[in-house]
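J.: Next input, structure requested:
(one chain, ligands or ions: 1)
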Amino acid sequence: MLLLFLLISNPVKDVYEPSRQRMVEEQIIARGVNDSLVIDAIIKVKRHLFVPKTLTSSAYEDHPLPIGYGQTISQPYIVALMTELLEVEKTHKVLEVGTGSGYQAAVLALLADSVFSIEIISELAHSAEKRLDSLGYNNVTVKAGDGYKGWKEHAPFDGIIVTCAPDEVPALLLEQLDTGGRMVIPVGSYYQELLLITKDSTGITEKSIVPVRFVPMIKGD
Ligand code: SAH
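T.: Model prediction:
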């Protein structure tokens, strides 16, 4: 009877927890990401709830996965690396361009004060918004729109993360980055590099981190 009660009162036991733990150890920590707050956040977010149902069992594998409309959820290591580079603090307001499944936004939500995320494909924006809502990530605001424009009403941002690749750093995003802020963005077409951009009172500094392969950033109208 007690067992039955425990089973009923705990219906959401997460069978993927061991896979998630293994993903973090073998793919993320082993490659050098060591910020414990980032690692804790990635352990907490149930990545299998952000991929299409048919791919649930592949959610913790070491590669990106399709999420429909020709788009992908990034490889777990890349999400971890970009999040670490952003150096998010509990008081920060962060902008994400390229909501996709909402997975990266969920990871950021656990580290930041608030997350604003823009997605150009409205079907993806709406499904990510619904998913984030139902999972209780209520400090994330999603809108369907063109990320090249940023989100002026909420600027300036302490951090900006772009998860699709433009040919060059969009000027309006640079403008909407606060002094002292950091931007992590893949830039290029076929050959892309992940850039860390910092802004201080003397100007902008760019540092190339690693070669990457992201879906292109779509030009709006
Ligand atoms: N961060 C996502 C991965 C997204 S893939 C996740 O965690 O799942 C990149 C996303 O960028 C795609 O969904 C694509 O539609 C979106 N995108 C491409 N160009 C864009 C633009 N100009 N503005 C906003 N989003 C854009």
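
J.: pLDDT averaged over stretch 103-119, what's the number?
T.: Summarised as a single mean, pLDDT over stretch 103-119 is 98.

J.: That stretch vs the ligand: in contact?
T.: Yes: Stretch 103-119 comes into contact with the ligand (C-beta under 6 Å from any ligand atom), by way of 103-104, 118-119. Placement of C-beta: from N, CA and C, glycine included.

J.: Buried residues, that stretch. List them.
T.: 103-112, 114-119 (16 or more other C-beta atoms under 10 Å).

J.: So which of the residues you listed sit within strands?
T.: Using DSSP state E, the subset of these located in strands is 114-119.

J.: Now do the contacts for the spatially most central residue of the chain.
T.: Geometric centre of the chain, nearest residue: Gln104, 2.0 Å, by C-alpha atoms, centre = their mean. By C-beta atoms under 8 Å, 6 or more residues apart in numbering, the contact set of Gln104 is 74, 79, 82-83, 96, 161, 163.

J.: With neighbour count as added columns, please give those in TSV.
T.: Shown next, in TSV, are the contacts of Gln104 (neighbours: other C-beta atoms under 10 Å):
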residue	neighbour count
Ser74	25
Val79	26
Met82	26
Thr83	26
Glu96	28
Ile161	26
Thr163	28
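
J.: The ligand next: which of the residues you listed are close?
T.: Answer for the contacts of Gln104 near the ligand (C-beta under 6 Å from any ligand atom): 74, 163.

J.: Show me which positions of stretch 154-168 end up buried.
T.: Within stretch 154-168, the residues that count as buried by 16+ other C-beta under 10 Å are 155-166.

J.: taking the mean pLDDT, what do you get for stretch 178-198?
T.: Rounded mean pLDDT across stretch 178-198 is 97.

J.: Now render the contacts of Gln104 as CSV, adding pLDDT, secondary structure and distance to Gly203.
T.: Output for those, formatted as CSV (pLDDT from 0 to 100; DSSP: H, G, I helix; E, B strand; the rest coil; distance: C-beta to C-beta, whole Å):
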residue, pLDDT, secondary structure, distance to Gly203
Ser74, 97, coil, 29
Val79, 98, helix, 29
Met82, 98, helix, 23
Thr83, 98, helix, 25
Glu96, 99, strand, 24
Ile161, 99, strand, 21
Thr163, 98, coil, 25
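
J.: List just the nearest of the contacts of Gln104 to Tyr60.
T.: Val79 (12.1 Å; C-beta to C-beta).
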